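[1] I would like the atomic coordinates for the input below:
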Amino acid sequence: MNDEERLTALKKEIERRKEMKNKAEGRLENLKLQKAEIEQRLEALHIRPDELNQHIDTLQREINSLFQEIEDGLPKL
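    The predicted model follows:
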C-alpha cells in the first residue's frame, strides 16, 4: 500500500469514526430524554427513583397475595 492509499484509508476510517460518534451522541440524547420522561412519570406516581426497586417488590408481593386469595377461594377438585 503506497502513501496515497494509506492516506485515503485513514481518511475513510476517520469519517467512519465520526459517523459512529455522531450516532452515539444521538443515542445518548435520546436516552437522556427517555430518562427524563421516566422520572416525570415516577414523580406523578409519587415514587422516588431510588425507591423504585422497593416499590416493585411491594407490588409483586401484593400480586402474589391476590393470586393466593383467588386460588384459596377456588373449590377443591
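
[2] name the helices or strands packed onto whichever helix in the chain runs longest?
    When the chain is parsed with DSSP state H, its longest helix is helix 3-44. Based on contacts counted as 3 or more CB pairs under 8 Å, 6 or more residues apart in numbering; DSSP states H and E, there is no element that helix 3-44 packs against. (Glycine included, C-beta is placed from N, CA and C.)

[3] how's the protein carved up into domains?
    1-46, 48-77 (automatic domain parsing).

[4] now mean pLDDT and mean neighbour count too, for those domains, in CSV please.
    Output for those, formatted as CSV (pLDDT from 0 to 100; neighbours: other CB atoms under 10 Å):
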stretch, mean pLDDT, mean neighbour count
domain 1-46, 96, 10
domain 48-77, 92, 9
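
[5] so what's the backbone phi/psi at Arg48?
    When read as degrees, to the nearest 10, the backbone of Arg48 gives phi -80, psi 140.
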